[in-house]
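K.L.:
Next one to model:
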Amino acid sequence: MAARTFDSTALVFRLHESAPQLVREVLLERGWMEYNEQEQEEGDWNLYWRASAFRSADFTNVLPWQRLNHHPKTLGITRKDHLARNLKRMRGTFGSALYNFSPTAYILPNNYTAFLAEYTKSRLRNTGKSGYWICKPVDLSRGRGIFIFEDIKDLLYDSPVIVQRYISNPLLISGYKFDLRIYVCVKSFHPLTIYIHQDGLVRFATERYNLSSLDNPFSHLTNTSINKLGPCYRTAKQRVGLGCKWTMNKFRCFLHSQDIDERLLWQRINNIVTLTLLTIAPSVPSSPNCVELFGFDILIDANLKPWLLEVNYSPALTLDCAADVTVKKDVLNDLIDLMNYKKVDVLRQKALLPPKSKSLPRQQSKSPSSLHSNVSLPFVQQKQISSPEKIVMENKRVLLPERVKQNSRHSSRCLCKLPAIHVQKYRLPTFSWSAKSQENGKPPSRVGGFILTFPFNEVTLKASKDNLNVKIAVQEVHKRTAHKNCSGTVAASQSSPTGIDLQWFSC
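P.N.:
Have a look, this model is predicted:
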């Protein structure tokens with residue numbers, strides 16, 4: 001078998017054994033090479049991708065040309081009990097009028113007495129009926145261990161759980177319950193920089209919603225891992241169709257067909273994302289070479305109010321249907337563009353890491369910590385580049401083979417093409433974007449399908465720097481929420497000065 005050869009001008013990715021196969025496919029399509037520890041030095045990679053958390057040493061030893069796909073210490077929103085505690089703390093600090101997008105949660109067994117008091121109070125208010133409650137294990141995913149109950153006698157658990165009021169009046173499409181998977185990228189926590197992807201997934205339950213059958217997961221839960229095992233998954237369901245997923249574009253078609261003010265809805269979702277991330281932003285250590293993709297799960301009720309269900313760490317990147325292919329491949333490609341790779345990253349890497357000598361024992365090769373001492377301060381500062389848009393273009397123009405550019409990425413978009421629809425245009429943040437402004441620390445307003453949602457004006461830009469001023473950031477979100485254009489009156493469309501129609505999120 002021929003020996004494997006490496007392109008010395010290619011970026012190199014390293015995957016942990018649990019990393020999704022889609023990540024490998026996307027990076028290979030972009031012209032990257034996969035890391036091989038037998039043929040390359042220990043630090044000879046540009047991106048290390050894990051589904052699980054990195055060790056503290058990984059964050060400490062990361063080199064200037066490298067990126068990690070997780071920030072440290074984000075468990076505060078991705079584990080259900082930690083999220084509940086943090087949202088409760090923020091409600092106490094900033095008021096329930098703003099932090100009212102998640103049902104109050106009780107962490108059991110610790111908060112059982114408080115839950116029992118609320119349960120009893122509800123029964124007294126509602127002539128013996130307490131309403132509906134949902135119980136979730138604090139650290140499981142994919143719908144495992146979740147159940148809905150009305151009578152406290154049915155509340156059985158053998159591990160820590162959270163209990164919340166069940167949102168029993170969800171918005172339905174032809175009688176089917178659904179939620180939204182929103183893809184959020186935190187480019188940085190210091191300064192806090194948040195992007196939301198304009199595409200996402202709509203995930204349906206595969207049997208019609210019915211409160212008289214609380215034990216039917218195919219009626220009440222929207223997790224794909226559950227519904228693809230249901231009897232109706234492969235049948236054509238009224239308006240929903242086959243399977244259990246739509247793209248977000250198809251959902252927008254539905255909103256327009258129902259004359260629903262989508263602009264207001266997306267603004268509320270934007271606020272939920274920002275206010276949730278502000279709960280942990282000050283406690284996340286600075287990690288400039290990291291980027292994080294979160295999956296925010298949002299439920300919309302019959303009054304068109306969005307509710308935060310949970311925040312997913314390493315959201316699933318498996319491809320179960322055409323909608324997955326359409327959405328997830330674009331999200332991954334745009335995420336790589338956000339990482340700001342450029343040709344100099346390869347040059348630095350090759351300059352500091354000589355080719356591996358087969359005669360040299362492995363233990364004598366340079367470690368990342370020893371390499372760090374060889375990097376001078378001016379060299380590290382060269383990481384900053386004046387134009388992030390130029391980075392994206394350079395990555396595509398210089399680092400990708402022409403054949404890959406033409407055939408790989410765009411082919412995935414054609415697998416599930418949806419009709420174009422007219423949507424309200426996104427208004428750019430209120431400060432101007434230019435190459436000069438980006439030199440001054442202002443992030444690009446858009447990279448691919450990722451749209452900047454924080455900072456969104458000069459005040460939040462200033463508040464996000466150095467030590468994040470959460471109070472000012474929250475106040476600005478509150479002002480935007482109270483703005484007359486966000487109260488139900490849709491403002492006139494405004495075009496981007498760059499000529500791009502930005503569709504989502506900001507009033």
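K.L.:
Leaving out chain neighbours, which residue sits closest to Gly76?
P.N.:
Ile280 (3.9 Å; C-beta to C-beta, 6 or more residues apart in numbering). For every residue, glycine as well, the C-beta is placed using N, CA and C.
K.L.:
doesn't Thr78 make contact with that neighbour?
P.N.:
No: contact criterion C-beta atoms under 8 Å: Ile280 and Thr78 do not qualify, at 9.4 Å.
K.L.:
Next, the distance between the ends of stretch 36-55.
P.N.:
21 Å (C-alpha to C-alpha, to the nearest Å).
K.L.:
list the buried ones in it?
P.N.:
40-51, 53-54 (16 or more other C-beta atoms under 10 Å).
K.L.:
could those residues go into JSON lines alongside secondary structure?
P.N.:
Shown next, in JSON lines, are these (DSSP: H, G, I helix; E, B strand; the rest coil):
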{"residue": "Gln40", "secondary structure": "coil"}
{"residue": "Glu41", "secondary structure": "coil"}
{"residue": "Glu42", "secondary structure": "coil"}
{"residue": "Gly43", "secondary structure": "coil"}
{"residue": "Asp44", "secondary structure": "coil"}
{"residue": "Trp45", "secondary structure": "coil"}
{"residue": "Asn46", "secondary structure": "coil"}
{"residue": "Leu47", "secondary structure": "strand"}
{"residue": "Tyr48", "secondary structure": "strand"}
{"residue": "Trp49", "secondary structure": "strand"}
{"residue": "Arg50", "secondary structure": "coil"}
{"residue": "Ala51", "secondary structure": "coil"}
{"residue": "Ala53", "secondary structure": "coil"}
{"residue": "Phe54", "secondary structure": "coil"}
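K.L.:
any idea which of those residues is closest to Asp139?
P.N.:
Relative to Asp139, the closest of these is Ala53; by C-beta to C-beta it sits at 12.8 Å.
K.L.:
Who are the contact partners of that closest one?
P.N.:
His70, Pro72, Leu75, Tyr313 (C-beta atoms under 8 Å, 6 or more residues apart in numbering).
K.L.:
Contact partners for Ser52?
P.N.:
Here Ser52 is in contact with His16, Ser18, Ser314 (C-beta under 8 Å, 6+ apart).
K.L.:
What subset of these is buried?
P.N.:
For those, buried by 16+ other C-beta under 10 Å: Ser314.
K.L.:
Report the distance from stretch 106-125 to the chain centre.
P.N.:
Computed by C-alpha atoms, centre = their mean, to the nearest Å, the chain-centroid distance of stretch 106-125 equals 32 Å.
K.L.:
Stretch 461-471: which residues count as buried?
P.N.:
Buried positions in stretch 461-471, judged by neighbour count with 16+ other C-beta under 10 Å: Leu461, Ala463, Ser464, Leu468, Asn469, Val470.
K.L.:
Where does pLDDT dip in the stretch 251-400 of the chain?
P.N.:
343-344, 346-400 (pLDDT under 70).
K.L.:
same thing with the stretch 401-507 of the chain?
P.N.:
Looking at the stretch 401-507 of the chain by pLDDT under 70, you get 401-441, 466, 483-507.
K.L.:
What is the nearest of the buried residues of stretch 36-55 to Leu319?
P.N.:
So of the buried residues of stretch 36-55, ranked by how close each gets to Leu319 (C-beta to C-beta), first place is Ala51, at 15.6 Å.
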